[in-house]
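Enquirer: pasting the structure only:
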């Protein structure tokens, strides 16, 4: 029995079937919203940035750490409580500041995406305006 050859042929079949699906998903010659595979963005349109997500996670981390610091006030010495409270409050304020930045970035991206899609709708309306009514199967 030839185990290595059968394993090699099985692996070759597995990699060729998954590779062909990737080629179909990546190959998109048309530069339109409707021909882009799911989960990808068109080459000409606006794309979401990673910086907004980064600011959101940083804001979450700062707020959690600040709240954990302020929770120490319940069992800390009386003399240390104002310092702990000030540090925790500062961390929460920085977290809210980063949350505001991430919200601004998210809103700007959404506005650009909506403007892009409205422009595409206007293009399609102009393109189809002179053609008259379309048939149901097109």
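Expert: The structure has been received and is ready for your questions. Keep in mind the model is a prediction, meaning the values are calculated, not measured.

Enquirer: hey, where'd the helices end up in the protein?
Expert: Assignment of helices within the chain using DSSP state H yields the ranges 3-26, 51-71, 81-129.

Enquirer: neighbours of residue 124, just the number please.
Expert: The local packing of residue 124 (other CB atoms under 10 Å) involves 12 other residues. No exception for glycine: its C-beta is placed from N, CA and C like everyone else's.

Enquirer: Just give me the residue right at the centre of the chain.
Expert: By CA atoms, centre = their mean, the chain has its centre lying nearest to residue 48, at 6.1 Å.

Enquirer: Return the most buried member of the helices of the chain.
Expert: Among these, ranked by average contacts under mean count of other CB atoms under 10 Å, first place goes to helix 51-71 (a mean of 16).

Enquirer: Tell me the gap between it and the middle of its chain.
Expert: Helix 51-71 has its average C-alpha position 19 Å from the chain's average C-alpha position, going by CA atoms, centre = their mean, to the nearest Å.

Enquirer: Run the angle between it and helix 81-129 for me.
Expert: Counting by axes from the mean of the first three to the mean of the last three CA atoms, to 10 degrees, helix 51-71 lies at 160 degrees to helix 81-129.

Enquirer: Show me what helix 51-71 is packed up against.
Expert: For helix 51-71, the elements it packs on are helix 81-129, judged by 3 or more CB pairs under 8 Å, 6 or more residues apart in numbering; DSSP states H and E.

Enquirer: before we move on, back to that, rebuild the helices of the chain as a markdown table, extending it with distance to residue 44 and mean pLDDT.
Expert: Formatted as a markdown table, the helices of the chain follow (distance: least, CB to CB, whole Å; pLDDT from 0 to 100):
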| stretch | distance to residue 44 | mean pLDDT |
| --- | --- | --- |
| helix 3-26 | 17 | 62 |
| helix 51-71 | 21 | 93 |
| helix 81-129 | 9 | 90 |
